[in-house]
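Undergrad: generate a structure from the sequence data that follows.
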Amino acid sequence: MKTIKYFLAIIAVMLLLPVDASAQVKKPTLMIFPADVWMNDNNYMEVTEVQGRKKRIPLYEEAFQTDRDINNVVAKIGEMMTERGMNLESLPEMMRTLEQTSMEDVFVESKATGASMAESAFDKIMNTAKSDIRIYVDWKVNQVGPRRSVTYTLTGRDAYTGKQIANASGTGQPTISAETAVLLEEAVLENMDQFVSQLQAHFDDLLTNGREIAVQVRIFDDGSGMSFEEEYDGIELSEIIDNWMNENTVNHRYSLQTAIENRLNFTQVRIPLYDERGRAMDAKRFVNQLRKYLRAEPYKLTTKDSTRGLGMGIIVIGEK
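TA: Numbering: from 1, shown residues only. Have a look, this model is predicted:
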């Protein structure tokens, strides 16, 4: 009898092992945004002119402060994601945190010129929201007589490249009375598991092959004649930088797209998901490692970090 009980106990432990293993699977961090088309349809866009071209900038803070539907919808989608084990970061909460520090930023001035910090509210949100994936939700309420339904689109985009990595859309069943968030939940429910599977598949690829960014290395035209043909111990600077990229990318995955006299453009650059301290690696942290390398012996190059956003790392050589 004792032998049988012992055998059954072993079987029970073995059956539990797959559950424990799946519980250890790393999940991506997500942040939910209202889609641009919804923001535009509901007059939450600011039109600005950039280099002679009109550009629409989403006013997320105004939307969340004044529109009850967007708060309810984002909360409902977030709840559904959390129920499926996803790690959710709150856009409204992040904006509240930014608001608390905005007054401090007003008084921060450049040591050289005395100019105040120039960063739009939209730029702050995009540079602060370091989730792995951004989910954009668009919806429209349809009404025929007393019956209402919701047509929706969910789009998952890589936060660093902007590439679409998941999509779901559809229209829910008409009903006589229901809140917009409830209508959306009922419409989305059928496709939610497949949508989440697409998000997880993309994150699994990031874990295996690294996060994708782009890197530009430029030379500042200060009249010195500096170029990527400059040699150090018989090796041109362009080759030195190319070798560094080869040694520091995940599985040596990157592409040197452009190599001209004063610019190197690297695309499809795969970097580790986390640094040695466990922090999320982004373009800025990655190119700062290259800057340290170029500042050291034997190169001793002056460099400036001009990184844009999370996924475009830019180094300018010859400028500080």
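
Undergrad: report the buried residues of the lengthiest helix in the chain.
TA: Using DSSP state H to define each element, the chain has its longest helix at helix 180-209. Using 16 or more other C-beta atoms under 10 Å as the test for burial, helix 180-209 gives 180-181, 183-185, 187-188, 192, 195-196, 198-200, 202-203, 206. Any C-beta I mention is one placed from the backbone N, CA and C, and that applies to glycine too.

Undergrad: and if you look at stretch 256-264?
TA: Buried residues in stretch 256-264, counting neighbours by 16+ other C-beta under 10 Å, are found at Leu256, Leu264.

Undergrad: equivalent analysis for stretch 85-105, please.
TA: Of all the residues in stretch 85-105, those buried under the rule 16+ other C-beta under 10 Å are Met86, Leu88, Glu89, Leu91, Pro92, Met94, Met95, Leu98.

Undergrad: do stretch 291-300 as well
TA: In stretch 291-300, counting by 16+ other C-beta under 10 Å, buried: Arg291, Tyr293, Leu294.

Undergrad: before we move on, what about stretch 125-132?
TA: So for stretch 125-132, counting by 16+ other C-beta under 10 Å, buried means Ile125, Met126, Ala129, Lys130, Ser131, Asp132.

Undergrad: same thing with stretch 273-293?
TA: Residues Leu273, Ala280, Met281, Asp282, Ala283, Lys284, Arg285, Phe286, Val287, Leu290, Arg291, Tyr293 are the ones in stretch 273-293 that count as buried (16+ other C-beta under 10 Å).

Undergrad: so can I have TSV of these showing pLDDT and secondary structure?
TA: Shown next, in TSV, are the buried residues of stretch 273-293 (pLDDT from 0 to 100; DSSP: H, G, I helix; E, B strand; the rest coil):
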residue	pLDDT	secondary structure
Leu273	90	coil
Ala280	84	strand
Met281	90	coil
Asp282	92	coil
Ala283	94	helix
Lys284	93	helix
Arg285	93	helix
Phe286	96	helix
Val287	96	helix
Leu290	96	helix
Arg291	96	helix
Tyr293	96	helix
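
Undergrad: what is the mean pLDDT for the strand or helix carrying Glu247?
TA: In this structure, Glu247 is located in helix 237-248 according to DSSP states H and E. The pLDDT scores in helix 237-248 average 96.

Undergrad: for the helix or strand following that helix, the distance to its chain's centre please.
TA: Later in the chain than helix 237-248, the nearest helix or strand by DSSP H and E is strand 255-260. Put simply, strand 255-260 sits 24 Å off its chain's centre (C-alpha atoms, centre = their mean, to the nearest Å).

Undergrad: and stretch 88-95, by the same measure?
TA: On the basis of C-alpha atoms, centre = their mean, stretch 88-95 sits 14 Å off its chain's mean C-alpha point.

Undergrad: residues in contact with that stretch?
TA: By C-beta atoms under 8 Å, 6 or more residues apart in numbering, the residues outside stretch 88-95 that reach it are 29-33, 60-61, 64, 71, 74, 78, 81-82, 125, 128-129, 131.

Undergrad: so of these, which ones are in strands?
TA: If you go by DSSP state E, the contacts of stretch 88-95 have Thr29, Leu30, Met31, Ile32, Phe33 in strands.

Undergrad: closest to Leu237 out of these?
TA: Thr29 (37.1 Å; C-beta to C-beta).

Undergrad: now the closest one: how far from Glu261?
TA: Between Thr29 and Glu261 the computed distance is 40 Å (C-beta to C-beta, to the nearest Å).

Undergrad: where does pLDDT dip in this protein?
TA: 1-25, 101-119, 222-224, 320 (pLDDT under 70).

Undergrad: for Leu310, helix, strand, or coil?
TA: At Leu310 the chain is in coil, as set by DSSP: H, G, I helix; E, B strand; the rest coil.

Undergrad: wait, isn't it in contact with Met281?
TA: No - taking contacts as C-beta atoms under 8 Å, Leu310 lies outside contact range of Met281: 10.0 Å.

Undergrad: which of the helices or strands spans Asp123?
TA: Here Asp123 sits within helix 121-128, counting by DSSP H and E.

Undergrad: contacting residues around that helix?
TA: Ile57, Pro58, Leu59, Tyr60, Glu61, Leu91, Met94, Met95, Leu98, Glu119, Gly309, Leu310.

Undergrad: now do the phi/psi pair for the nearest residue to the fifth one once chain neighbours are set aside.
TA: In other words, Glu61. Leaving aside its sequence neighbours, Glu61 sits nearest to Met95 (C-beta to C-beta, 6 or more residues apart in numbering; 5.3 Å). The phi and psi values for Met95, taken as degrees, to the nearest 10, are phi -70, psi -40.
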